[in-house]
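**Q** Kindly return the folded structure for what I paste below:
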Amino acid sequence: MLRSLITDALSTEGGVTLAAIATRDLATWSAAPAPDVVFVTTSDPHRSEVMGRLLWQWPRSRVVAVAQSGRDGALWELAPQKTPLGELCPATLVDIVHGGRR
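**A** Residues are numbered from 1 along each chain as shown. Next up is the predicted model:
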């Protein structure tokens, strides 16, 4: 049912190619070009095991995890983050090492 919802929603969009893959077959797709978005159904879209494997496979892709019920979902993506540190001093370096928890 979820596959038909996604297919119907995206079928009118130009430049969208859909491919079905089972997570157990992920290794066979290692040579495939990275998709822009990967849709995956899972019992809990907020758990990271499968999403981590997919993002490891395709780090520039976004993963849309949809609960098997179709009622909940989460968007997973890797994104660079920059935090300005200002003038460096020993206390700043210690804060960085401790994750800013001082």
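
**Q** Count residues in the vicinity of residue 33, would you?
**A** When neighbours are counted by other CB atoms under 10 Å, residue 33 registers 6. Any C-beta I mention is one placed from the backbone N, CA and C, and that applies to glycine too.

**Q** mind checking how far it is from residue 76?
**A** Computed as CB to CB, to the nearest Å, the residue 33 to residue 76 distance reads 19 Å.

**Q** so where's this structure uncertain?
**A** Along the chain, the parts satisfying pLDDT under 70 run over 1-2, 18-31, 100-102.

**Q** now the strands: where do they sit in it?
**A** Applying DSSP state E to the chain gives strands spanning 37-42, 62-67, 73-76.

**Q** Dump the last one to CSV, keeping only the CA atoms.
**A** If I follow you right, that is strand 73-76. C-alpha atoms of strand 73-76 as CSV (Å, rounded to 0.1, in the frame of the first residue of the first chain):
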residue,chain,number,x,y,z
GLY,A,73,7.8,9.0,9.3
ALA,A,74,11.2,10.7,9.7
LEU,A,75,13.7,12.3,7.3
TRP,A,76,17.3,11.2,7.8
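
**Q** In the sheet, which strands lie alongside it, parallel or antiparallel?
**A** Strand 73-76 has its sheet partners listed here by DSSP bridges as strand 62-67 (antiparallel).

**Q** Going by neighbour count, list what's buried in the strand it pairs with.
**A** For strand 62-67, a neighbour-count test (16 or more other CB atoms under 10 Å) marks 62, 63, 64, 65, 66, 67 as buried.

**Q** Distance to residue 38 added to these, as TSV?
**A** Formatted as TSV, the buried residues of strand 62-67 follow (distance: CB to CB, whole Å):
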residue	distance to residue 38
62	7
63	5
64	7
65	9
66	11
67	16
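
**Q** Of those residues, which is the nearest to residue 4?
**A** Using CB to CB, residue 66 is the member of these that lies nearest residue 4, at 12.8 Å.

**Q** need the contact list for the closest one.
**A** 2, 39, 40, 41, 42, 45, 72, 73 (CB atoms under 8 Å, 6 or more residues apart in numbering).
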